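K.L.:
Structure, please.
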Amino acid sequence: MEAIKRIHHISAIVGDPNENVNFYRDVLGLRLIKQTVNFDDPGVYHLYFSTHELTPGTVITFFPWTNENKGRKGSG
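P.N.:
Alright, predicted model coming up:
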């Protein structure tokens with residue numbers, strides 16, 4: 001098996017899309033480079049951020065699911 005040489009992007013799940021954009025764009029200074037929909041759930045955005053230079057390996061994406069369900073600790 002060949003070793004992984006680079007990462008294209010990392011994805012995470014977040015809550016409020018506006019808070020997500022405000023933090024990554026306005027606080028961290030990343031650029032919102034693309035906004036699509038989640039192909040598995042078209043009612044949810046897929047937000048892409050990167051450096052202004054679009055440096056390879058700097059892309060991070062988010063699926064903002066806004067709901068009232070709070071998380072809970074698991075058993076492990």
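K.L.:
can you list the residues that contact stretch 52-70?
P.N.:
With contact meaning CB atoms under 8 Å, 6 or more residues apart in numbering, stretch 52-70 is reached by 6-17, 20, 24, 30-31, 33, 38, 41, 44-51. Heads up, the C-betas are built off the backbone N, CA and C, glycines and all.
K.L.:
The residues you listed, buried ones only, as a PyMOL selection?
P.N.:
The buried subset of the contacts of stretch 52-70, as determined by 16 or more other CB atoms under 10 Å, is captured in PyMOL by this line:
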select buried, resi 17+20+24+30+44+45+46+47+48+49+50
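K.L.:
Strands - which of the contacts of stretch 52-70 land there?
P.N.:
When strands are assigned by DSSP state E, the members of the contacts of stretch 52-70 inside them are 9-14, 31, 33, 38, 41, 44-50.
K.L.:
can you tell me which helix or strand the residue most central in space within the chain belongs to?
P.N.:
Nearest residue to the geometric centre of the chain (CA atoms, centre = their mean): Phe62, 1.9 Å. Assignment of secondary structure by DSSP states H and E places Phe62 within strand 59-64.
K.L.:
buried stuff in that strand?
P.N.:
Judged by neighbour count using 16+ other CB under 10 Å, the buried positions of strand 59-64 are 59, 61-64.
K.L.:
which one of those residues is nearest Gly74?
P.N.:
For Gly74, the closest of the buried residues of strand 59-64 turns out to be Phe63, at 20.6 Å, with distances computed as CB to CB.
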